[in-house]
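Q: Would you be able to build a 3D model of this:
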Amino acid sequence: MIEKTLDTSGLNCPLPILKTKQALNNMKTNQKLKLIATDPGSVKDVEAFCTQTGNKLIENKYSENKYIFIIEKQ
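A: Residues are numbered from 1 along each chain as shown. Alright, predicted model coming up:
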């Protein structure tokens, strides 16, 4: 179950990551965030962010010109 969706379409680095961090800060452990981005750099950025923060990247896909990530707060 996705508890929150964050659409950062049209925003470029570092804004998608900053907004993701803010969203996760307001969520509880094990809740899931769906992040939508259009910046190609977000793929590496989100992977690095999850590694550094200990959050779990559950899904990473590209669909209809958008990058979609499911992140579980740890």
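
Q: May I ask which helix or strand encompasses the residue nearest the centre of the chain?
A: By C-alpha atoms, centre = their mean, the chain has its centre lying nearest to Leu35, at 4.0 Å. Assigned by DSSP states H and E, Leu35 belongs to strand 32-37.

Q: so how far is the helix or strand that comes right after that strand from its chain's centroid?
A: Once strand 32-37 ends, the next helix or strand along the chain (criterion: DSSP H and E) is helix 42-53. From the chain centre to the centre of helix 42-53 is a distance of 8 Å (C-alpha atoms, centre = their mean, to the nearest Å).

Q: Pull out the buried positions in helix 42-53.
A: 42, 45-46, 49-50 (16 or more other C-beta atoms under 10 Å). The C-beta positions use only the backbone N, C-alpha and C, and glycine is treated the same way.

Q: quick one: the residue of the chain most remote from its centre from Ala37, how far?
A: Largest separation from the mean C-alpha position in the chain: Glu64, at 17.0 Å (C-alpha atoms, centre = their mean). Separation of Glu64 from Ala37 (C-beta to C-beta, to the nearest Å) stands at 13 Å.

Q: Kindly report the same for Thr51.
A: 17 Å.

Q: got it, and Thr53?
A: 17 Å.
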